[in-house]
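Asks: Provided below are the primary sequence and the corresponding predicted coordinates.
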Amino acid sequence: MMIKSKREQELEIENRRLKKKIEDLETEKKTFKMQLRIQNEQLEDLAKDSKIKEYQEYKRKYELLLQERQEEKARQQKEVEALEVAVKNLTDRINKDSSNSSKPSSSDTIYKKKKRVNTSRVKTGRKTGGQLGHKGTGLTKETAEELIASGKVEHVVVEHVDLGADVNKGEYIVKYEIDIEIKTKVIEHRFYEKEGVIEVPEEYNTDVTYGNNLKTFATVAINEGFISLNRTSKIINEMTDNTVKLSEGTLVNFNKELANKAAGSIERIKAALIKAGVLHVDETGVKINGELKWLHTAVTKHYTYYQIENKRGQEGISNLGILEYYVGMLVHDHFVSYYKYKTMTHAECNAHILRYLKQVIELFKRKGAEKFLEYLIQLNNEKKALEEKDIHEFPSKKIEEIENEYLNLINEWEREYLAYVKGKKKTQSLIDEGNLFKRLKEYKEEHLQFVKKFEVPFSNNCAEKSLRLIKTKIKVSGCFRGKDNGGNFTTIRSLFETAKKQGLNLFESVIKTFNKEALEFTEA
């Protein structure tokens, strides 16, 4: 065995020590790396936490901004929808006229293209104007000779001969000229004493009065011709060669006198209206001294009555003194105040329905509404065809079929409407359309009265027509002024319209009224 030297032993010991140190260093290195890795991981975790918080803060701000933007967008969308509805409502209002709504024809402007009005009239294919074989109404010799024979005219003969010729010899040709003569006359009335007393009638309480012929001409010109007071005064002045100069106040007094003297006739008109089998009523606004009042009318084929009231509703209707006692068929335009009267049967105007349907068709191209409109027109034409054959009722089975088809067409229209409005914001026109078919369902009986009872007309034109002339008067004067002018006018118009419907001569009827003579009305 080899014995190591002391130096070798020391080196070996040192070598082991160094190896041990190297191992310890390696261990420390590994430990350090582990600690470093842990620290790095901790740093990375800290960085991640910071980014997450930053991200979360960014996300929170973004969500708040997004919510604000969405709320703003929703608000703007609502504003846009509201504006679209407003524009649609205004457009629909602008497009309304007398052909597709209840607006009067007087409200139509000249700038709108005239629309075709849906009516129940059937085209004949004939040209406008007189037809072949039509009996003309021109003047003939027979006309003039009949007038002479009647004694109603003055017969004046004018000889057209040369000076010195013998008018009793030779042939001649007769030509007639029909003319009128206007002349002013002063009538002297002498009232003699009787038993020491001279009695003078009330109408002659002043030394000079105007005669009833003059009063009649003036009141007819004002209330039938709708000539203004000023122009009436000027016309009479010119016609009489400046001998009769009437003030506007005098003309107003003529109207007042006529209205007062017509009171008896007016009461008989109202009594006849109460007894009528079918009565038409309507109302329209008028201005009295600048304030809105309501002109009510009640009419039949033979009688007309007007009255101005402060209210349109039941209070104004009640003041007419007619409907409280009426038990017949009342035709009106769906003004609900009339339904408060239960003693009568009600019928609705279908001409209004045609106009409303026309508007629906124009706005929404609704096929269901178009079919229903055509069906109403068809029913009215079928009724007219029967009346021409002197048949005045539908068979009961036909009535049942009409009622079923009426409801079927409305239901078809309603389904089309509901499909259209689903998910849409309703404009006023859509709301009106929904109310229309609901009304037609609820008041089916009233709208079909014209086919169940042939004496009931398809429309309320009888009453509406009576109000159109009043609108003409309003165009002349703008409004009624004074305390009683409106009342006097409506009384006079009631008298005039009734006289014409009765086939009475208007001028003679007014003279009789001024003379306090009763007019003879038929009971029809």
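Replies: Ah, there it is.
Asks: The stretch 151-300 of the chain: strands as residue ranges?
Replies: For the stretch 151-300 of the chain, the strands defined by DSSP state E, counting those that start in this stretch cover 278-288, 291-299.
Asks: What pairs with the last one, parallel or antiparallel?
Replies: Right, the one you point to is strand 291-299. strand 278-288 (antiparallel), strand 304-309 (antiparallel) (DSSP bridges).
Asks: just to revisit the earlier point, would you list the strands of the stretch 151-300 of the chain in a markdown table and tack on distance to Lys59, mean neighbour count and mean pLDDT?
Replies: Glycine gets a C-beta too; all of them are placed from N, C-alpha and C. Listed next are the strands of the stretch 151-300 of the chain as a markdown table, based on distance: least, C-beta to C-beta, whole Å; neighbours: other C-beta atoms under 10 Å; pLDDT from 0 to 100:
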| stretch | distance to Lys59 | mean neighbour count | mean pLDDT |
| --- | --- | --- | --- |
| strand 278-288 | 65 | 20 | 93 |
| strand 291-299 | 64 | 21 | 94 |
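Asks: For the stretch 151-300 of the chain, give me the ranges with low pLDDT.
Replies: 162-170 (pLDDT under 70).
Asks: Now do the helix or strand containing Tyr420: which elements does it pack against?
Replies: In this assignment (DSSP states H and E), Tyr420 forms part of helix 396-421. Contacts defined by 3 or more C-beta pairs under 8 Å, 6 or more residues apart in numbering; DSSP states H and E place helix 396-421 against helix 367-388, helix 428-442, helix 444-447, helix 449-452.
Asks: Pick the most deeply packed of the ones you listed.
Replies: helix 449-452 (a mean of 20; mean count of other C-beta atoms under 10 Å).
Asks: May I have that helix as PDB, with CA atoms only?
Replies: Taking C-alpha atoms only, helix 449-452 is exported to PDB below (Å, rounded to 0.1, in the frame of the first residue of the first chain):
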ATOM      1  CA  GLN A 449    -132.200  50.600 -42.100                       C
ATOM      2  CA  PHE A 450    -132.300  51.700 -45.700                       C
ATOM      3  CA  VAL A 451    -132.600  48.100 -46.900                       C
ATOM      4  CA  LYS A 452    -135.000  47.000 -44.200                       C
END
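Asks: model confidence over that helix, on average?
Replies: Computed over helix 449-452, the mean pLDDT rounds to 97.
Asks: what's the answer for stretch 496-510, then?
Replies: pLDDT averaged over stretch 496-510 gives 96.
Asks: switch to numbering from 335
Replies: Yes, from this point I'll number from 335; that puts the last item at stretch 830-844.
Asks: wait, what's in contact with Glu582?
Replies: 563-564, 567 (C-beta atoms under 8 Å, 6 or more residues apart in numbering).
Asks: How many residues are close by Leu592?
Replies: For Leu592, the neighbour count with other C-beta atoms under 10 Å is 25.
Asks: counting contacts, what elements does the helix or strand encompassing Ala685 pack onto?
Replies: Using DSSP H and E, Ala685 maps to helix 684-698. Helix 684-698 makes packing contacts with helix 340-429, helix 701-722, helix 762-776 when contacts are defined by 3+ C-beta pairs under 8 Å, 6+ apart.
Asks: Phe728 is nearest to which of the ones you listed?
Replies: Ranking the helices and strands packed on helix 684-698 by proximity to Phe728 (C-beta to C-beta) places helix 701-722 first, at 7.4 Å.
Asks: how about the helices of the stretch 485-634 of the chain, start to end?
Replies: Ranges of helices within the stretch 485-634 of the chain are 546-557, 563-573, 582-595, 597-609, based on DSSP state H, counting those that start in this stretch.
Asks: Any chance of CSV for those, columns distance to Val620?
Replies: CSV is the format used below for the helices of the stretch 485-634 of the chain (distance: least, C-beta to C-beta, whole Å):
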stretch, distance to Val620
helix 546-557, 15
helix 563-573, 18
helix 582-595, 16
helix 597-609, 19
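Asks: Deepest in the core, which of those helices is it.
Replies: Mean neighbours per residue, mean count of other C-beta under 10 Å, is largest over the helices of the stretch 485-634 of the chain for helix 546-557, with a mean of 21.
Asks: Quick one: list the elements packing against that helix.
Replies: Counting by 3+ C-beta pairs under 8 Å, 6+ apart, helix 546-557 packs on helix 563-573, helix 582-595, helix 819-835, helix 840-848.
Asks: mind putting the strands paired with strand 625-633 in TSV, distance to Ala555 included?
Replies: What follows is the strands paired with strand 625-633, written out as TSV (distance: least, C-beta to C-beta, whole Å):
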stretch	distance to Ala555
strand 612-622	21
strand 638-643	19
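Asks: Tell me which of those sits nearest to Asn794.
Replies: So among these, strand 612-622 is nearest, using C-beta to C-beta, at 5.5 Å.
Asks: Tell me what angle the closest one forms with helix 597-609.
Replies: Note on geometry: by axes from the mean of the first three to the mean of the last three C-alpha atoms, to 10 degrees, strand 612-622 and helix 597-609 are set 130 degrees apart in direction.
Asks: Which one of the strands of the stretch 485-634 of the chain lies nearest to Thr550?
Replies: strand 625-633 (24.1 Å).
Asks: Restricting to C-alpha, output the closest one in CSV.
Replies: Only the C-alpha atoms of strand 625-633 are listed here, as CSV (Å, rounded to 0.1, in the frame of the first residue of the first chain):
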residue,chain,number,x,y,z
GLU,A,625,-119.3,83.9,-31.3
LEU,A,626,-119.7,80.2,-32.3
LYS,A,627,-123.3,79.1,-32.2
TRP,A,628,-125.0,76.0,-33.6
LEU,A,629,-127.6,76.0,-36.4
HIS,A,630,-129.9,72.9,-36.0
THR,A,631,-132.2,71.7,-38.7
ALA,A,632,-135.0,69.2,-38.9
VAL,A,633,-136.4,68.4,-42.3
